[in-house]
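K.L.:
sequence and computational prediction follow.
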Amino acid sequence: DQQVKQNSPSLSVQEGRISILNCDYTNSMFDYFLWYKKYPAEGPTFLISISSIKDKNEDGRFTVFLNKSAKHLSLHIVPSQPGDSAVYFCAELYNYGQNFVFGPGTRLSVLP
Amino acid sequence: NAGVMQNPRHLVRRRGQEARLRCSPMKGHSHVYWYRQLPEEGLKFMVYLQKENIIDESGMPKERFSAEFPKEGPSILRIQQVVRGDSAAYFCASSPRQGQADGYTFGSGTRLTVV
């Protein structure tokens, strides 16, 4: 049974500093993970992904790290900006790409 | 190029009524997925459809919930005899093909409130 956990419901960071959002998973069929960002009253938008052949994927200010032995991944945002304030969901792709298992989300607040 | 369109944005129903949620996928997308977000929880997969076919409904409650994606028109998520516990945000996503995770696009959701 796949489970994705995000143990920090919220995180506050000062503008310009690093934001680190964490995610743990129990079992993985395909070792393919994604981060989604969600603003209030909007749908989630895809941010960045990582597969098991890598332990790091970078896209601008966003970097995702995957530690397969620890079943842990993290999203780093450097430098954090006020516009990054949103809820971030970690998601695991499974069932041959048919759907996702989402974590409960972490609400990031970037303070000016 | 419009994104995934969901309507209505907000829907209020009394207990026992029916709720119909509509989703028009992005142009060129033939795969539709419905997710539900309960308060303080992540999104939970409900059902995956292609045109005129239900591919995977493993996340759908056994009773009162149904989904369709007809040859013409939007995908419909139907909830009969709604109860307070059905109050949630319902999101639809679409993709051009199966297995293209980066290509999933979500709509803005329908917030259902059962009073």
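P.N.:
Received, thanks.

K.L.:
say whether chain A is contacted by the strand or helix carrying residue B:21.
P.N.:
Secondary structure assigned from DSSP states H and E places residue B:21 in strand B:19-24. No. Judged by CB under 8 Å from any CB of the partner chain, strand B:19-24 makes no contact with chain A; its nearest approach is 10.8 Å. For glycine as for every other residue, the C-beta is placed from the backbone atoms N, C-alpha and C.

K.L.:
okay, now the sheet partners of the very next helix or strand once past that strand, with direction.
P.N.:
Remark: after strand B:19-24, the chain's next helix or strand is strand B:31-37, criterion DSSP H and E. Counting by DSSP bridges, the strands paired with strand B:31-37 are strand B:43-50 (antiparallel), strand B:88-95 (antiparallel).

K.L.:
now the strand holding residue B:21, how far from the chain's geometric center?
P.N.:
7 Å (CA atoms, centre = their mean, to the nearest Å).

K.L.:
could you list the buried residues of it?
P.N.:
For strand B:19-24, a neighbour-count test (16 or more other CB atoms under 10 Å in any protein chain shown) marks B:19, B:21-24 as buried.

K.L.:
strand partners of it, parallel vs antiparallel please.
P.N.:
With DSSP bridges as the test, strand B:19-24 is paired with strand B:5-7 (antiparallel), strand B:75-79 (antiparallel).

K.L.:
mean confidence score for it?
P.N.:
For strand B:19-24, mean pLDDT rounds to 98.

K.L.:
quick one: contacts of that strand?
P.N.:
Strand B:19-24 is contacted from outside by B:2, B:4-8, B:11, B:13, B:32, B:34, B:74-79, B:82, B:86, B:90, B:92, B:94, B:107, B:110, B:112, B:114, using CB atoms under 8 Å, 6 or more residues apart in numbering or on different chains.

K.L.:
for the most centrally placed residue in chain B, give me the pLDDT.
P.N.:
What sits nearest the mean C-alpha location of chain B, by CA atoms, centre = their mean, is residue B:34, with 3.6 Å. Looking at residue B:34, its pLDDT is 96.

K.L.:
returning to that earlier point: need the strands paired with strand B:31-37 in CSV (columns: mean neighbour count).
P.N.:
Shown next, in CSV, are the strands paired with strand B:31-37 (neighbours: other CB atoms under 10 Å in any protein chain shown):
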stretch, mean neighbour count
strand B:43-50, 22
strand B:88-95, 24
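
K.L.:
columns mean pLDDT and distance to residue A:18 on top of these, output as JSON lines?
P.N.:
Shown next, in JSON lines, are the strands paired with strand B:31-37 (pLDDT from 0 to 100; distance: least, CB to CB, whole Å):
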{"stretch": "strand B:43-50", "mean pLDDT": "93", "distance to residue A:18": "27"}
{"stretch": "strand B:88-95", "mean pLDDT": "94", "distance to residue A:18": "30"}
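
K.L.:
where in the chain is pLDDT low?
P.N.:
Just going to use chain A. Along chain A, segments meeting pLDDT under 70 span A:1-2, A:95-97.

K.L.:
the intended chain is chain B.
P.N.:
Ranges of chain B meeting pLDDT under 70: B:1, B:99-101, B:103.
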